[in-house]
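J.: sequence and predicted structure are below.
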Amino acid sequence: MSQLHMPKQTPLFHAIHRDRYERQELIKEIETVTGRRLLVYIANITHPESAITREDIAPFHEIVASLEDDCNVDLLIESPGGDPNAAETLVHTLLSKTSHLRVIVPQAAKSAATLISLAGDEIVMSNTSELGPIDPQISIPTAFGYQYRPAQAFLNGLEMIKREHAAGQPLNAAYLPFLQGVDAALIDFCYKSIEHSKRLAVKWLSRSMYKNNPLAAKRIAETLTNIEKYPNHGSVINYQEAMAIGLKITYMPYNDEVWQAIWRLYTRYLVYMREKTAIKIFESTSSSVMF
């Protein structure tokens, strides 16, 4: 009788965690085809706590620590964005182990997640993929407690209230919870956060896609923070527009063998997170963190 291949985990433990092991096996298969290491950072973008925060640093470090030094890495990312300072730390952590970085966007990498994507030497996109403007999200007071909102949308809201007041309109009672938490420091923080995102974009682009070409990096950063071009935080930048902006995009059609494997892996995360009501998953072939 031929020797059976049995998982190293005990039968019950493996059965309980079989979804994770099946995803990790698929990650290994993709790595075999691409010849690159694959890391996964998936956030449940429908969850109110899915934004990039400093709480992501430790689990992200866990998956980066599984890499060999100076290896070629693919980062599969899904995120609505969040704190650009946390995003900067994630990038530093990732680049400490990476020789060449590709960022793979199966569906949405918005705001600070777009910033992370700019650190890649190339971005892999398909027909379902979208980036977004790099306006940061900040925590602001609302009637339902503190929630993340785009900094520029916050400033735009203040301007709208000022215009209504200047026109002699009475103050809308719905604005009161919002205005009670507003002070000069918060407004200043919003402006500085937007400028910080722009500086980070120039920094990462100058390191990756536009080495020794700061003018091109600045032009792209200005485009991605242009509220006239992208007035909505959720504005869609598909692969065609990303190319037109000047980003180095590798387009993979749906019928591409590698993309089909990536999409199969991605949909497993979507279904699993819906079933478990998870917020985020960080995963590699040897490490897995979910919360």
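T.: Ah, there it is.

J.: neighbours of the closest residue in space to Asn212 that isn't next to it in sequence, how many?
T.: Once flanking residues are discounted, Asn212 sits nearest to Ser206: 7.7 Å by C-beta to C-beta, 6 or more residues apart in numbering. Heads up, the C-betas are built off the backbone N, CA and C, glycines and all. Neighbour count for Ser206, taken as other C-beta atoms under 10 Å: 19.

J.: now Ser206: which helix or strand?
T.: helix 184-207 (DSSP states H and E).

J.: my guess is the residue nearest to Asn212 contacts Ile220. True?
T.: No: counting by C-beta atoms under 8 Å, Ser206 stays clear of Ile220, with 10.3 Å between them.

J.: distance of the closest residue to Gly35 other than its chain neighbours from Ile42?
T.: Spatial nearest neighbour of Gly35, chain neighbours left out: Asn72 (7.2 Å); criterion: C-beta to C-beta, 6+ apart. Relative to Ile42, Asn72 is positioned 21 Å away (C-beta to C-beta, to the nearest Å).

J.: per-residue pLDDT, His17?
T.: Reading off the confidence values, His17 has pLDDT 82.

J.: so where do the helices sit in the stretch 151-291 of the chain?
T.: Along the stretch 151-291 of the chain, counting by DSSP state H, counting those that start in this stretch, helices occupy 151-166, 176-180, 184-207, 214-224, 239-245, 257-276.

J.: give me the angle between the first one and helix 184-207.
T.: Put simply, helix 151-166 runs at 140 degrees to helix 184-207, going by axes from the mean of the first three to the mean of the last three C-alpha atoms, to 10 degrees.

J.: state the mean pLDDT of helix 151-166.
T.: Here the average pLDDT along helix 151-166 is 85.

J.: and that helix, which residues are buried?
T.: 151-155, 157-158, 161 (16 or more other C-beta atoms under 10 Å).

J.: poorly predicted segments of the protein, please.
T.: 1-5, 141-143, 148, 177-178 (pLDDT under 70).

J.: what are the ranges of the strands in it?
T.: Secondary structure of the chain, counting by DSSP state E: strands at 37-43, 71-78, 98-104, 122-125, 137-142, 145-150, 249-251, 280-283, 288-290.

J.: redo the ones you listed as JSON lines? Include mean neighbour count and distance to Arg20.
T.: JSON lines is the format used below for the strands of the chain (neighbours: other C-beta atoms under 10 Å; distance: least, C-beta to C-beta, whole Å):
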{"stretch": "strand 37-43", "mean neighbour count": "24", "distance to Arg20": "11"}
{"stretch": "strand 71-78", "mean neighbour count": "22", "distance to Arg20": "15"}
{"stretch": "strand 98-104", "mean neighbour count": "21", "distance to Arg20": "20"}
{"stretch": "strand 122-125", "mean neighbour count": "24", "distance to Arg20": "24"}
{"stretch": "strand 137-142", "mean neighbour count": "19", "distance to Arg20": "29"}
{"stretch": "strand 145-150", "mean neighbour count": "17", "distance to Arg20": "28"}
{"stretch": "strand 249-251", "mean neighbour count": "17", "distance to Arg20": "28"}
{"stretch": "strand 280-283", "mean neighbour count": "24", "distance to Arg20": "7"}
{"stretch": "strand 288-290", "mean neighbour count": "17", "distance to Arg20": "5"}
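
J.: redo the ones you listed as CSV? Include distance to Glu62.
T.: Shown next, in CSV, are those (distance: least, C-beta to C-beta, whole Å):
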stretch, distance to Glu62
strand 37-43, 10
strand 71-78, 14
strand 98-104, 16
strand 122-125, 23
strand 137-142, 24
strand 145-150, 24
strand 249-251, 27
strand 280-283, 6
strand 288-290, 6
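
J.: about what we covered before: between the helices of the stretch 151-291 of the chain, which gets nearest to Glu88?
T.: Proximity to Glu88 (C-beta to C-beta) singles out helix 184-207 among the helices of the stretch 151-291 of the chain, at 6.0 Å.

J.: next, the angle helix 214-224 makes with that closest one.
T.: Using the same axes, to 10 degrees: helix 184-207 against helix 214-224 is 140 degrees.

J.: who's in contact with helix 184-207?
T.: With C-beta atoms under 8 Å, 6 or more residues apart in numbering as the test, helix 184-207 has contacts from 84-85, 87-88, 91, 95, 112, 115, 118-119, 134-136, 138, 140, 151-152, 154-155, 158, 212-214, 216-218, 220-222, 224-225.
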